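J.: Can you look at this prediction? I've put the sequence above it.
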Amino acid sequence: MADIFPVLHTPRFLLRHISGADVGQVFRGLSHPQVTAYYGISYTSQEATQAQIDWYQELLDQQTGIWWGICLQETPGELLGACGFYEWNKDNRNTDMGYWLLPEHWGSGAMQECLHAILQHAFSQMHLHRVEAEVEPENTPSSRLLLKLGFQLEGTRRQCEWKNGHFVDLEYYSLLASELK
């Protein structure tokens, strides 16, 4: 990755670096019960949420991933959500993808538009061959989103993650560079 953060633009959204100044908005998302119902992390305070901000920066510093803050073009200081890549394996040219969005923006096509932009960046600028995503089976909106983007369901890993006091299944999806719509 370049030393300069790759700001991305879509028709409606600006995808930008997430900084310490965004901690309150990240907390708003990652403390919201609807957002965290299927997301792997939640926070109970802004102070604790700093760990997520630090993780975003650590990915950049160690060149193991990159996450963008999602903003409307006209309000670049206000995060609606975030999306990005982690566990970037340069030898195998693949990465995992994650995302979250505040509920008031669900169903607007926001995440589809933003994920398409970061996937284009992944395949053209990061020279990735494969992007993976994991989804809890009950999270059907996320599964539908991935299928719209051209991902294929590869299978289900049974009870592979401990969450909220019990094991959960995860469905695994993948998209190859040649399959991006």
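T.: Received the coordinates, thanks.
J.: Looking at the longest helix along the chain now, give me its mean pLDDT.
T.: Across the chain, the longest stretch assigned as helix under DSSP state H is helix 46-62. For helix 46-62, the mean per-residue pLDDT is 97.
J.: Next: stretch 133-146.
T.: On average, stretch 133-146 scores 97.
J.: Tell me the gap between it and the middle of its chain.
T.: Centre-to-centre, stretch 133-146 and its host chain are 13 Å apart (Cα atoms, centre = their mean, to the nearest Å).
J.: Now tell me what touches that stretch from outside.
T.: The contact list for stretch 133-146, computed with Cβ atoms under 8 Å, 6 or more residues apart in numbering, reads 37-38, 96-98, 106, 111-112, 115, 151, 153, 156-157, 168-175. In short, each C-beta sits where N, CA and C put it, glycine included.
J.: if we can go back for a sec, ok, and for the longest helix of the chain, which residues are buried?
T.: Across helix 46-62, burial judged by 16 or more other Cβ atoms under 10 Å covers 49, 52, 53, 56, 59, 60.
J.: Now the buried members of the contacts of stretch 133-146.
T.: Buried members of the contacts of stretch 133-146, counted by 16+ other Cβ under 10 Å: 38, 96-98, 111, 115, 151, 168, 170-175.
J.: closest to residue 71 among those residues?
T.: residue 111 (13.4 Å; Cβ to Cβ).
J.: residues in contact with that closest one?
T.: Contacts for residue 111 (Cβ under 8 Å, 6+ apart) come out as 81, 83, 99, 101, 105, 145.
J.: on that earlier part again, let's see the next helix or strand after the longest helix of the chain as CSV, backbone CA atoms only.
T.: Read in the C-terminal direction, the helix or strand following helix 46-62 is strand 66-72, with elements assigned using DSSP states H and E. This file holds the C-alpha atoms of strand 66-72, laid out as CSV (Å, rounded to 0.1, in the frame of the first residue of the first chain):
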residue,chain,number,x,y,z
ILE,A,66,-7.1,-1.4,5.2
TRP,A,67,-10.5,-0.1,6.4
TRP,A,68,-12.4,2.9,5.1
GLY,A,69,-14.9,5.1,6.9
ILE,A,70,-18.1,5.6,4.9
CYS,A,71,-19.4,9.1,4.6
LEU,A,72,-21.8,10.9,2.3
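J.: ok, residues contacting strand 66-72?
T.: Residues outside strand 66-72 that contact it (Cβ under 8 Å, 6+ apart): 1, 6, 8, 12-18, 22, 25, 56, 59-60, 77-86, 88, 98, 101, 110, 114, 118.
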